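# Build me a structure from this.
(one chain, ligands or ions: 2)
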Amino acid sequence: MAANVTHMIATSKLDLIESASTHFPSLPCCRVPRKEKWALRFTSSHGPWKKERHRLVSVETSDPYMRRRASTSVTGIYYGSVEDNLALQIKTQEILPYIEGLCIYLVGMMGAGKTTVGRVLSDVLGYSFCDSDKLVEQAVGASVAEIFEMYGEEHFRDKESEELENLSMMKRLVVSTGGGAVVRPINWINMQKGITVWIDVPLEALARRIAAVGTDSRPLLHHESGDAYTKALLRLNCLWKERGHAYANAHIRVSLGGKCF
Ligand SMILES: Nc1ncnc2c1ncn2[C@@H]1O[C@H](COP(=O)(O)OP(=O)(O)O)[C@@H](O)[C@H]1O
Ligand SMILES: O=C(O)C1=C[C@@H](OP(=O)(O)O)[C@@H](O)[C@H](O)C1
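Numbering: from 1, shown residues only. Ligands and ions are numbered 1, 2, ... in the order given. The predicted structure is shown next:
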């Protein structure tokens, strides 16, 4: 499981960087000829992931100098394979000048991995990491669950919008937004000042992840009865119907659909 998780995290970022090229055509990865995208050959084999690695990674690492340089710059805060770290470091160096310090906003349903991926992404980019839920909690002096309970969802949304507006004036941040930040158009106006990335994960996978960690910190999932997985899935389905379309406003979509996790 751990290997799968770390692999997904790593490939999420690679996908992200590749998708970015279609939205930001000046990114250098657009100019890499197709055949060179297959230049990186992994020797490690992690079962079903092996093929995906070959398909997703698009960096040329045959240059021994690049290999050395990249591997010495790996910071080590995440637990992907050496090859994943290496590929990320190289691609990061390539795209950094084109991102020009713009903030990156990760959007997606609860459990999509915005926080997990955001921390890693900020580290490789040399950006700071921010979790908008945490900023709201600090501003109000209560946990998200307590804010919902004491003041209601609208109050939480107001605070969330305030925090996103503050962040929109900053640079060099990776922001993990709350899953519901996408419902307010004003949040999009603020977030689109940076680069918005939708981490799109099938609801069943989200429900599995959430069932594994519990719903304590996610008050919108507290209502239904039944086992943890069924409860989470029912509620996620309702939320998806209400707001699923809003995620598509993002500049970039990183889809983890079809993969086994
Ligand atoms: N790519 C992934 N594959 C499998 N599990 C993941 C992945 N990303 C995150 N998780 C797990 O899912 C749960 C929710 O992740 P989190 O980053 O908190 O999501 P979000 O911030 O979008 O709500 C955590 O337990 C985390 O370990
Ligand atoms: O989807 C939502 O409306 C919410 C998602 C949560 O954030 P995560 O997506 O980080 O769990 C948090 O903001 C709050 O519980 C509401």
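# Pull out the buried positions in stretch 181-188.
Within stretch 181-188, the residues scored as buried using 16 or more other C-beta atoms under 10 Å are A181, V182, R184, N187, W188. C-beta: built from backbone N, CA, C; applies to glycine.
# Quick check: which element contains the nearest residue to G178 once chain neighbours are set aside?
Using C-beta to C-beta, 6 or more residues apart in numbering and skipping the chain neighbours, the partner closest in space to G178 is D133 (5.0 Å). Take DSSP states H and E as the rule and D133 turns out to sit in helix 132-140.
# That helix: which residues count as buried?
In terms of neighbour count (16+ other C-beta under 10 Å), helix 132-140 has its buried residues at S132, D133, L135, V136, E137, V140.
# hmm, back to that, turn the buried residues of stretch 181-188 into JSON lines, including distance to W240.
Shown next, in JSON lines, are the buried residues of stretch 181-188 (distance: C-beta to C-beta, whole Å):
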{"residue": "A181", "distance to W240": "15"}
{"residue": "V182", "distance to W240": "12"}
{"residue": "R184", "distance to W240": "17"}
{"residue": "N187", "distance to W240": "18"}
{"residue": "W188", "distance to W240": "18"}
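# Sitting in helices, which of these do you find?
Those of the buried residues of stretch 181-188 mapping onto helices are N187, W188, per DSSP state H.
# Run a quick neighbour tally on the residue in the stretch 101-250 of the chain that ligand 1 sits nearest to.
Closest to ligand 1 within the stretch 101-250 of the chain is G113: 2.8 Å, counting by C-beta to the nearest ligand atom. G113: 23 surrounding residues under other C-beta atoms under 10 Å.
# the helices in the protein, which residues?
For the chain, helices defined by DSSP H occupy the ranges 2-23, 49-56, 64-72, 82-99, 114-125, 132-140, 144-151, 153-167, 185-191, 203-213, 228-243.
# what residues go with each domain of the protein?
Here the domain assignment for the chain is 1-99, 101-261, based on automatic domain parsing.
# picking that back up, if I pick the residue nearest to G178, what's in contact with it?
Contact analysis of D133 by C-beta atoms under 8 Å, 6 or more residues apart in numbering lists V144, E160, S176, G178.
# ok, stretch 200-218 near ligand 2 or not?
Yes: judged by C-beta under 6 Å from any ligand atom, stretch 200-218 and ligand 2 are in contact via R218.
# how far does that stretch stretch from start to finish?
For stretch 200-218, the first-to-last residue distance is 18 Å (C-alpha to C-alpha, to the nearest Å).
# Quickly, which of the domains of the chain bottoms out on average pLDDT?
Among the domains of the chain, domain 1-99 has the lowest mean pLDDT, at a mean of 44.
# Just give me the neighbour total for L203.
L203 has 18 neighbours, counted by other C-beta under 10 Å.
# which residue packs closest to L256, ignoring adjacent ones?
In space, L256 is closest to V201, 4.8 Å off (C-beta to C-beta, 6+ apart).
# and the nearest residue to C103 once chain neighbours are set aside, what is it in contact with?
Nearest residue to C103, sequence neighbours excluded (C-beta to C-beta, 6+ apart): G194, at 3.5 Å. Residues in contact with G194 (C-beta under 8 Å, 6+ apart) are L102, C103, I104, Y105, S168, L173, V175.
# Thanks a lot, catch you later.
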